[in-house]
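Chemist: sequence first, then the predicted structure, then my questions.
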Amino acid sequence: MLLPHILAAIAATYLLAGFIKGVIGGGLPTISIGILGLVMPIPDAVALVVLPSFITNVWQSLGPRFWPLFKRLWLMLAGICIGAFLGRDLMTGAYREWTEVGLGLALIVYAIIGLTRLKLHLDPRYEKWVAPPVGIATGFIAAGTGVFVIPSGPYLQAIGLRKNDLVQSLGITYTISTIVLALITARAGALNLSILWPSLLAVAAALIGMLIGQRLLSRMEEDTFRKIFFAALLLLGLHIVIRSSL
């Protein structure tokens, strides 16, 4: 049974994470695990992200271009599964004390990429060679930290997808990553019926936050918000690395 202040932290975190996703179209797992990792063990924070992340990403991945995009991305998606299998014991094994450091570093890298608006380009001829190692690295990092935007996010931007295809591809990638993450957390014993109600609370808060974010998006400057968000994420990542190193 979670204490009231932990439930309040979950609700507030997912309200914020949903708001951010409503404004910039992503960031829900990253920000929720980053914040909740300060008040609970990383595996528990990862377990809580499974249901809200799965629901929002399945919705994002559906559309008329699902199958063509899936066929284009399948090598990376297979790599994610392989990488997650290789890193399946990172959260609970002998190196679990480095999980927080890994999470902080992942947040820092993600924030720097967001702040610099890094633009990469990959020739389609090389996708079949680059996609597998990108997927393996993404799965391995996700297995240890619960964050699956590095390096899959920059890779999807680099292969030249149109805006709608990019959004749908992110949904497909993150759906597969969430399923793999669910299997890892279930294996570690963190995914069980005891987190059902907190997960439903997280889903409700995230959906409310998304609605607020989508409504406010038309009234605010998205670029300014992105800068504030990534700067805050950078500070959070630095705080986690410094705290876990002391």
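Modeler: Thanks, I have the structure now.
Chemist: got any ranges where this protein has weak pLDDT?
Modeler: The chain contains residues with pLDDT under 70 at 1-2, 24-25, 92-97, 190, 217-220, 222, 245-246.
Chemist: give the contact list for the residue nearest to the spatial centre of it.
Modeler: By Cα atoms, centre = their mean, the mean C-alpha position of the chain lies nearest to residue 29, the distance being 3.8 Å. Residue 29 makes contact with 17, 49, 53, 146, 147, 148, 149, 174, 178 under the criterion Cβ atoms under 8 Å, 6 or more residues apart in numbering. C-beta here means a position set from N, CA and C on the backbone, and glycine is covered the same way.
Chemist: cool, and residue 65?
Modeler: Counted by Cβ under 8 Å, 6+ apart, residue 65 has contacts 164, 165, 168.
Chemist: who wins on neighbours among the contacts of residue 29?
Modeler: Counting neighbours by other Cβ atoms under 10 Å, residue 146 leads the contacts of residue 29 with 33 neighbours.
Chemist: how close does the residue lying closest to it once chain neighbours are set aside get to residue 145?
Modeler: Spatial nearest neighbour of residue 146, excluding adjacent residues (Cβ to Cβ, 6 or more residues apart in numbering): residue 46 at 3.6 Å. As defined by Cβ to Cβ, to the nearest Å, residue 46 lies at a distance of 8 Å from residue 145.
Chemist: those two - which one has more neighbours?
Modeler: A count of neighbours by other Cβ under 10 Å puts residue 46 above the other of residue 46 and residue 145, at 31 against 28.
Chemist: I'd say that one and residue 148 touch.
Modeler: No - in this structure residue 46 lies outside contact range of residue 148 using Cβ atoms under 8 Å: 10.4 Å.
Chemist: can you list residues touching both of the two?
Modeler: Jointly contacting residue 46 and residue 148 under the rule Cβ under 8 Å, 6+ apart are residue 181.
Chemist: mind listing what residue 145 touches?
Modeler: Residues counted as contacts of residue 145 (Cβ under 8 Å, 6+ apart) are 33, 42, 99, 102, 103, 106.
Chemist: so is residue 150 in a helix, a strand, or just coil?
Modeler: Three-state call for residue 150 (DSSP: H, G, I helix; E, B strand; the rest coil): coil.
Chemist: surely it and residue 110 touch.
Modeler: Yes - taking Cβ under 8 Å as the definition, residue 150 is a contact partner of residue 110 at 5.9 Å.
Chemist: which one's more surrounded, these two?
Modeler: The residue with more neighbours, out of residue 150 and residue 110, is residue 110; 25 against 21, by other Cβ under 10 Å.
Chemist: assign residue 212 to helix, strand or coil.
Modeler: Under three-state DSSP, residue 212 comes out as helix.
Chemist: hang on, isn't it packed against residue 20?
Modeler: No - using Cβ under 8 Å, residue 212 is not in contact with residue 20; the gap is 10.5 Å.
Chemist: can you pull the residues that touch both of the two?
Modeler: Overlap between the contact sets of residue 212 and residue 20, as judged by Cβ under 8 Å, 6+ apart, is nil.
Chemist: and the two? Which one has more around it.
Modeler: residue 20 (25 against 15).
Chemist: what is whichever strand or helix holds the more buried one packed up against?
Modeler: Using DSSP states H and E, residue 20 maps to helix 4-24. Where contact means 3 or more Cβ pairs under 8 Å, 6 or more residues apart in numbering; DSSP states H and E, helix 4-24 is packed against helix 28-36, helix 42-61, helix 196-217, helix 222-245.
Chemist: list the contacts of residue 13.
Modeler: Neighbours of residue 13 in contact, by Cβ under 8 Å, 6+ apart: 31, 32, 35, 36, 202, 205.
Chemist: turn those residues into TSV, columns for distance to residue 230 and neighbour count.
Modeler: Listed next are those as TSV, based on distance: Cβ to Cβ, whole Å; neighbours: other Cβ atoms under 10 Å:
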residue	distance to residue 230	neighbour count
31	11	26
32	16	28
35	15	19
36	19	24
202	23	28
205	22	22
